[in-house]
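In: show me the folded form of this:
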Amino acid sequence: MQSLRNSAIITALLAVSAAVASAQISKWQIDPAHSEADFTIRHMGISNVHGRFGNLSGSLNLDEKDITKSDVNATVDIATVDTGTAQRDQHLKSPDFFDAARYPQMTFVSKGLTNNNGQLQLIGDLTIHGVTKPVTLALDGPSKEQADPYGKIRRGFSATTTIHRQDYGLTWNGNLKSGDTVLGDDVKVELDIELIKQ
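Out: Predicted coordinates:
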């Protein structure tokens, strides 16, 4: 009888612990209507070209007690690339660059999150053009919760990093008489993400 009572107590404690742990993790979905990935690359060594990707999707599991235990994943459709020039966008989708027909998406999967005196860094694997490389993003957020006019709870965050496009097999370029190249290798990436609580 004592053994049965002990077993019941242990079961109850485990159930309570599981409920508490679950309550600490909130689940969020990326809102593609209010999220985008922007990029900047040098052109001919004299100016910057800016572009963006839309139709982001993904999720965040946010540990409310310890943010470093949170995880995030995101997917971007290559076909949404927009630099403001249709001809350039088509070139970017071609085999010279992203080869969108073969590699229609880029993905990010987090592997860790560090908090150094409030400076958050999100570490994960970024896959572009079929190549996966580790990347670290400087994170600003997540923001406070905010209820929209329809009763949905929202949060936002932004993140920045710089990647080297040739690391991902995006090697197309041209040489200028000056010795410069048509395109730089470094690409600055800026993410603005809005999330909806599930």
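
In: give me every residue that touches the residue nearest to the spatial centre of the chain.
Out: Against the mean C-alpha coordinate of the chain, by Cα atoms, centre = their mean, the closest residue is Ala74 at 5.0 Å. Neighbouring residues of Ala74 by Cβ atoms under 8 Å, 6 or more residues apart in numbering: 30, 56-58, 107-108, 193. C-beta coordinates here come from the backbone N, C-alpha and C atoms, glycine included.

In: beta partners for it?
Out: Note on Ala74: beta-bridge partners by DSSP bridges are Gly58, Phe108.

In: could you measure Asp185 against Thr162, distance?
Out: Distance, Asp185 to Thr162, by Cβ to Cβ, to the nearest Å: 10 Å.

In: over to Asp180?
Out: Separation of Asp180 from Thr162 (Cβ to Cβ): 19 Å.

In: swap in Ser143?
Out: Taken as Cβ to Cβ, the span from Ser143 to Thr162 is 24 Å.

In: may I see the buried residues of stretch 138-153?
Out: The neighbour-count check on stretch 138-153 (16 or more other Cβ atoms under 10 Å) flags 139, 142 as buried.

In: please apply the same query to stretch 109-121.
Out: For stretch 109-121, the neighbour count (16+ other Cβ under 10 Å) marks 110, 113, 120-121 as buried.
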